[in-house]
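Asks: 3D, please:
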Amino acid sequence: MARQTKQRRHLSVVPGAEDAPHPPTDTAEPERVEAPLEPTAVYASEAATTRTAAGAAERARHVLATGHTYAALAWLRYWDVAMGYVMDPELRQEMVDQAERDLDHKRVAAAKKARRALSPEDKRAAQREIARLERRCVSELEVDARTLAARSGRLLRRLALPAAVVVGPVLMAANGMWIGVLIWPAAWGWLAVQGRAHAIAEGTTTATELPPTAVAGAPRPPAVTGALANPATASGAAQPTRLVGATVAESRILERLADWPTHTQGRGLDGVTPSVPTLDDSGIAVVMHLSGTWTPAQLDKKAGLLRAVLKIPTRTRMEITPGDAGDEARVRIRTRIPKRDTTWHPGREGIGLDSDTGEVVAMAPGRKLIAGTSGAGKSVLLRVVMAGGVCSEEPTAVVYIDGKGEESALWVGKARIAV
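Replies: Model prediction:
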């Protein structure tokens, strides 16, 4: 009992002055309720401050990294469009047409000059000029020079704005106008906005890892982290694939081939199953396995539906041919033009090269009817056929009747010509 009293005396609160008398030990003390302490100042924890600053820095770094990736994406898209514009395969044909038009204008001008000439000397000079122009033809060297000049002009026009953005602030800073340096962050922000728009429009932003059965033998690009993750695909939907080295159109076609059942559901293509596609210098090739009543001829009749399912661009050529087996059809989507030497020279065999294998295509001798739309290549084919006859070791009489008078100048002195 004495020990408990001593503990209570030790734990009790001493009120008032130190010399106040202690209460009796055997009397119960009333409970005291102490008022809570009122803080006079609040100091932030150093650890909390550090965490907040680190979080802000991490968010800023994440935003900058995302913006930089979007800017790089926009620049890649700009460069793809620029290169497609510069390396347009139809540009050479445009230069050929332009050179022929210029030659026709010179012939018309020479004819007018001959009609307006008054003196016999002027008339003879004009007639000689007309004869020279009639014998003249557009050479391959001239077409190559025109094509190179046109491509160079297109490239300079496409690079004018980026060059001004890069070099302009340097020149302004050299003249004391340091405010011009703000052009760089402004251009970076504009590219970031454009890149985000491209990412939203395309449904993907950068290369993603391909499924194992997407393209046989193709390199596997690295997976993309969350810096540019598309919200539409983050919920578990199938994310589009992008093969390294493939264009945007090719990547879209490969993605739809990988997810074939989803895109063909309810479209009447049940029984058609694609195999593993391949990507080569001619484009995409895929073998379609046919079941049920499907045949390669029936699949060829559904070419329009197949183009719609795979979202093949309108100007991209697609061919459907029988495969190695009866229940197979080979689909060739020509998204690329292989670089092959198709120039003719003495000793060259055949009339051309196979677009797939590069093998020589020969034409059997005998009567032939060459027909086609404008620009299909009738004149070029006829040149090869006639050149083979002119250069033949066997005696061959070549007679060329030209209704328009456009090609006859090529064969002056080499064949009998009638216009």
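
Asks: just the strands in the stretch 201-350 of the chain please.
Replies: Under the criterion DSSP state E, counting those that start in this stretch, strands of the stretch 201-350 of the chain are mapped to 272-274, 278-280, 283-290, 317-322, 328-334.

Asks: among the ones you listed, which is nearest His68?
Replies: Among the strands of the stretch 201-350 of the chain, strand 278-280 comes nearest to His68, with 29.4 Å by C-beta to C-beta. (Each C-beta comes from the backbone N, C-alpha and C, glycine too.)

Asks: Tell me the confidence at Glu319?
Replies: Note on Glu319: pLDDT of 91.

Asks: Could you find the closest non-adjacent residue to it?
Replies: Counting by C-beta to C-beta, 6 or more residues apart in numbering, Arg332 is the residue found nearest to Glu319 once chain neighbours are left out, at 4.5 Å.

Asks: Show me what the longest helix seen in the chain is packed against.
Replies: Using DSSP state H to define each element, the chain has its longest helix at helix 46-86. Contacting helix 46-86 under the criterion 3 or more C-beta pairs under 8 Å, 6 or more residues apart in numbering; DSSP states H and E are the following elements: helix 140-174, helix 183-202.

Asks: Neighbours of Ala258, how many?
Replies: Counted with other C-beta atoms under 10 Å, the neighbours of Ala258 add up to 20.

Asks: cool, Ala186 as well?
Replies: The burial count for Ala186: 10, using other C-beta under 10 Å.

Asks: Tell me the spacing between it and Trp178.
Replies: 15 Å (C-beta to C-beta, to the nearest Å).

Asks: With Ser408 instead?
Replies: For Ser408, the distance to Trp178 - C-beta to C-beta - is 67 Å.

Asks: Comparing the two, which residue is more hemmed in?
Replies: Ser408 (19 against 10).

Asks: one step back: my guess is the residue nearest to Glu319 contacts Asp280. True?
Replies: No. Applying C-beta atoms under 8 Å, one finds Arg332 not in contact with Asp280, separated by 9.9 Å.

Asks: Common neighbours of the two, please.
Replies: Shared contacts of Arg332 and Asp280 (C-beta atoms under 8 Å, 6 or more residues apart in numbering): none.

Asks: Give me the more crowded residue out of the two.
Replies: Counting neighbours by other C-beta under 10 Å for Arg332 and for Asp280 shows that Arg332 has the greater number, 18 against 11.

Asks: For the more buried one, list the residues it contacts.
Replies: 282-285, 318-321, 356.

Asks: most neighbours, which of those?
Replies: Ile284 (25 neighbours).

Asks: The closest residue to that residue other than its chain neighbours: how many residues sit nearby?
Replies: Spatial nearest neighbour of Ile284, chain neighbours left out: Ile333 (4.3 Å); criterion: C-beta to C-beta, 6+ apart. Residues lying near Ile333 (other C-beta under 10 Å) number 25.

Asks: what's the spacing between Pro338 and Tyr85?
Replies: From Pro338 to Tyr85 the distance is 21 Å (C-beta to C-beta).

Asks: Helices along the stretch 251-400 of the chain, start to end?
Replies: With helices called from DSSP state H, counting those that start in this stretch, the stretch 251-400 of the chain shows them at 260-264, 296-301, 303-310, 378-390.

Asks: count of neighbours near the closest residue to Pro89 other than its chain neighbours?
Replies: Leaving aside its sequence neighbours, Pro89 sits nearest to Ile337 (C-beta to C-beta, 6+ apart; 5.6 Å). Residues within reach of Ile337, counting by other C-beta under 10 Å, total 13.

Asks: Low-confidence ranges, this protein, go.
Replies: Applying pLDDT under 70 to the chain flags the ranges 1-54, 202-245, 356.

Asks: 80 instead, please
Replies: Scanning the chain with the threshold set as pLDDT under 80 gives 1-59, 180, 198-246, 338-348, 354-358, 364-366, 388-390, 392-396, 404-406, 408.

Asks: quick one on the thing from earlier: name the helices or strands packed onto whichever helix or strand comes after the longest helix of the chain?
Replies: The C-terminal neighbour of helix 46-86 among helices and strands, as given by DSSP states H and E, is helix 91-116. If you count contacts as 3+ C-beta pairs under 8 Å, 6+ apart, helix 91-116 packs onto helix 120-135, helix 140-174.

Asks: tell me the angle of the last one relative to helix 183-202?
Replies: Pointing back at helix 140-174 there. Here the directions of helix 140-174 and helix 183-202 differ by 130 degrees (axes from the mean of the first three to the mean of the last three C-alpha atoms, to 10 degrees).

Asks: Show me how the record splits this structure into domains.
Replies: 84-202, 248-333, 341-418 (the TED database).

Asks: will you turn those into a markdown table that also has distance to Tyr70?
Replies: Putting the domains of the chain into a markdown table (distance: least, C-beta to C-beta, whole Å) gives the following:
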| stretch | distance to Tyr70 |
| --- | --- |
| domain 84-202 | 3 |
| domain 248-333 | 16 |
| domain 341-418 | 38 |
